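> model the structure of this input:
(2 chains)
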Amino acid sequence: DQQVKQNSPSLSVQEGRISILNCDYTNSMFDYFLWYKKYPAEGPTFLISISSIKDKNEDGRFTVFLNKSAKHLSLHIVPSQPGDSAVYFCAARGSARQLTFGSGTQLTVLP
Amino acid sequence: DTEVTQTPKHLVMGMTNKKSLKCEQHMGHRAMYWYKQKAKKPPELMFVYSYEKLSINESVPSRFSPECPNSSLLNLHLHALQPEDSALYLCASSTRTSGRTDTQYFGPGTRLTVL
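Next comes the predicted model:
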């Protein structure tokens, strides 16, 4: 049973436009959510996080939104750049502090 | 500095070999993690060390043996692996604070191939 789902395996966006990556979760005990970016054959790089007590966190071009009632998380990247092309994983932290990852979304930013 | 280092970068081993993966961080983090990632799949948690003690073992086969010699180092000893164990092995660390924020930072991984 997947507790964290990223239903879009891929997303293509034009350079300069907004990229919106989505993530849904089922476990209401998750209290901390993170987004990681991953290039092939490299480890995930931490991008941005949000605590369950907030609904928005912004860092430069990256904004994460959390809708607890809908159990939905989204990452907005604006403006998108070709260097943003990578696989993006959302992750959620449970009561035992381990992370559960979604299956990832491949973002391609077209020049 | 949020650097976690892992060695080796690549490892090829036979099913009868014994090898070790190493992970190091100097951020003062007191929690360290091993993950396994297969192609086109998310990372899967294997082990968690908290204050140098094993706190979580996600039912990992005994052919994988973790070790945490001190707060900066984490090893994964490998013995009698199977070809299906071929994967990217990721190490991560976090502060393990009691607060809400406890971000895990990942190393670059070791690409393991079992022949």
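> the residue nearest to A:Leu110 when sequence neighbours are not counted: what's it in contact with?
Excluding its sequence neighbours, the residue lying closest to A:Leu110 (Cβ to Cβ, 6 or more residues apart in numbering or on different chains) is A:Gln14, at 5.4 Å. Every residue, glycine included, has its C-beta placed from N, CA and C. Neighbour list for A:Gln14: A:80, A:109-110 [criterion: Cβ atoms under 8 Å, 6 or more residues apart in numbering or on different chains].
> closest to B:Pro108 among the residues you listed?
Using Cβ to Cβ, A:Val109 comes nearest to B:Pro108 of these, at 22.9 Å.
> so what does that closest one look like in phi/psi?
In terms of degrees, to the nearest 10, the main-chain angles of A:Val109 are phi -100, psi 120.
> is it true that it touches A:Asp84?
Yes: under the criterion of Cβ atoms under 8 Å, A:Val109 makes contact with A:Asp84 at 5.1 Å.
> which residues do those two both contact?
By Cβ under 8 Å, 6+ apart, the residues touching both A:Val109 and A:Asp84 are A:Ser19.
> how about the residues of chain A near chain B?
By the rule Cβ under 8 Å from any Cβ of the partner chain, the part of chain A lying against chain B is A:31-32, A:34, A:36, A:41-46, A:49, A:51-53, A:89, A:93, A:96-99, A:101-104.
> off-centre distance for the least confident helix or strand in chain A by mean pLDDT?
Lowest by mean pLDDT, DSSP states H and E among the helices and strands of chain A is strand A:99-101, with a mean of 91. Relative to its chain's centre, strand A:99-101 lies at 12 Å (Cα atoms, centre = their mean, to the nearest Å).
> same check on stretch A:12-19?
16 Å.
> give me the buried positions along it.
By neighbour count with 16 or more other Cβ atoms under 10 Å in any protein chain shown, stretch A:12-19 contains the buried residues A:13, A:19.
> now stretch B:34-41
Buried residues in stretch B:34-41 (16+ other Cβ under 10 Å): B:34-37.
> now do it, average pLDDT.
Mean pLDDT, stretch B:34-41: 91.
> quick check: end-to-end length of it?
Using Cα to Cα, to the nearest Å, one end of stretch B:34-41 lies 16 Å from the other.
> what does it contact?
A:103-104, B:23, B:43-47, B:66, B:74, B:76, B:87-92, B:106, B:109.
> these in strands, which ones?
Those of those mapping onto strands are B:23, B:44-47, B:66, B:74, B:76, B:87-92, B:106, per DSSP state E.
> so which of the residues you listed are also by chain A?
Counting by Cβ under 8 Å from any Cβ, the members of the ones in strands among the contacts of stretch B:34-41 near chain A are B:44-45, B:88, B:90, B:92, B:106.
> can you tell me how far the most centrally placed residue in chain B sits from A:Ile48?
Taking Cα atoms, centre = their mean, the centroid of chain B lies closest to B:Trp34, which sits 2.7 Å from it. Shown here: B:Trp34 relative to A:Ile48, a distance of 24 Å by Cβ to Cβ, to the nearest Å.
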